[in-house]
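In: Would you be able to build a 3D model of this:
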Amino acid sequence: MTAPAHPAPLAVRDLTVAYREAPVLWDINLEFPAGQLCAIVGPNGAGKSTFLKAVLGLMPKASGSIRFFGAPLAQSRRRIGYVPQRTSVDWDFPTDALDVVTMGLYGRLGWIRRPGKRERELAMQALDRVRMTEFAGRQISQLSGGQQQRVFLARALAQDADVYFMDEPFAGVDATTERAILDVMRDLQEQGKTVVVVHHDLDTVREYFDHVTLLNVSLVASGPIETTFSPELLRKTYGGKVAFLRESVAG
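Out: Numbering: from 1, shown residues only. Model prediction:
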């Protein structure tokens, strides 16, 4: 069987993740299309964040094959950017915004070579893209939640990756930060990058994304917004508890 000429940014086969023998993700088979803004949605406890952590090697999997652009994670790290949930980060760590962003360049430098003037310039450029240059010297503990989120987004941007994974980047942020994040996502797409986002606000899925994956421990569906983000499939995903959705979900 001939390998595809342009392998998917992420292809997952038979992925299962268990916690104390209870499946958190079960037999996931999934590919994300290149150059798309992709949402992962599902109810609380559906395994959305677990999915990101498992494919990125941040937690063990029970079984499954994971390939980035046709290669295993170990060969693909420089092509991957990751924005974790803001609530999972120790914001009391004594460092400033510029240092946090510069840390995103360590994969390119290696751990022996220290970042220099060029790396600081790249980090400042990333902060500028998220409208945070004036806070470069500010301790991260002194930033608002939205500002902290933009710093971590800048850190991922500094990596100049080909595929970006973001774990609920819009959760609990102000309108200015939400718009800044969306602008960056669309800018990355214009550059041909792929962006995969765990997203919680169903009302904005159609506006923000091109592709949606519906997940509830098992994969319910994955495909273009037009065909996949439907009331029927959402009811399957949420167990029928979607009466709160606006008419815009139905298109």
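In: Residue ranges in the stretch 1-150 of the chain under the pLDDT threshold?
Out: Within the stretch 1-150 of the chain, the segments meeting pLDDT under 70 span 1-5, 106-116.
In: if you set the cut-off to 90 instead, what comes out?
Out: 1-6, 19-23, 77-78, 85-95, 102-120, 145 (pLDDT under 90).
In: which residues in the protein form strands?
Out: Taking DSSP state E as the test, the strands found in the chain are 10-19, 22-32, 37-41, 63-67, 80-83, 163-167, 194-198, 211-216, 218-224.
In: by how many degrees do the fourth one and strand 10-19 diverge?
Out: Orientation of strand 63-67 against strand 10-19 (axes from the mean of the first three to the mean of the last three Cα atoms, to 10 degrees) gives an angle of 150 degrees.
In: And the strands of the chain: which comes nearest Leu122?
Out: strand 80-83 (13.4 Å; Cβ to Cβ). Every residue, glycine included, has its C-beta placed from N, CA and C.
In: So what touches the closest one?
Out: 52, 56, 68, 73, 104, 149, 152-153, 155-157, 159, 161-167, 169 (Cβ atoms under 8 Å, 6 or more residues apart in numbering).
In: Report the distance from it to the chain centre.
Out: The chain centroid and the centroid of strand 80-83 are separated by 7 Å under Cα atoms, centre = their mean, to the nearest Å.
In: and it, which strands flank it?
Out: strand 163-167 (parallel) (DSSP bridges).
In: For the closest residue in space to Ala46 that isn't next to it in sequence, grab the count of nearby residues.
Out: The shortest distance from Ala46 to any non-neighbouring residue, by Cβ to Cβ, 6 or more residues apart in numbering, is to Asn216 (4.5 Å). Neighbourhood size, Asn216 [other Cβ atoms under 10 Å]: 18.
In: I'd say Asn216 and Thr237 touch.
Out: Yes: between Asn216 and Thr237 there is a contact under Cβ atoms under 8 Å: 5.2 Å.
In: Show me whatever sits in contact with both of the two.
Out: Counting by Cβ under 8 Å, 6+ apart, the contacts common to Asn216 and Thr237 are Gly42, Pro43, Ala46.
In: The residue nearest to Ala46: what's it in contact with?
Out: Gly42, Pro43, Ala46, Gly47, Thr237, Tyr238, Gly239.
In: if I look at the last one, how far off is Asn44?
Out: Right, Gly239. Separation of Gly239 from Asn44 (Cβ to Cβ, to the nearest Å): 12 Å.
In: Tell me which of those two has more neighbours.
Out: Gly239 (9 against 6).
In: Spit out the contact partners of the closest residue to Ala71 other than its chain neighbours.
Out: Closest residue to Ala71 apart from its sequence neighbours, by Cβ to Cβ, 6+ apart: Pro7 at 7.9 Å. Counting by Cβ under 8 Å, 6+ apart, Pro7 touches Arg67, Phe69, Gly70, Ala71.
In: of those residues, buried ones?
Out: Among the contacts of Pro7, the ones that count as buried by 16 or more other Cβ atoms under 10 Å are Arg67, Phe69.
In: Quick check, His199 in contact with Glu168.
Out: Yes: with contacts counted by Cβ under 8 Å, His199 reaches Glu168, the gap being 7.0 Å.
In: How many neighbouring residues does Leu188 have?
Out: Here the count is done by other Cβ under 10 Å, and Leu188 has 22 residues near it.
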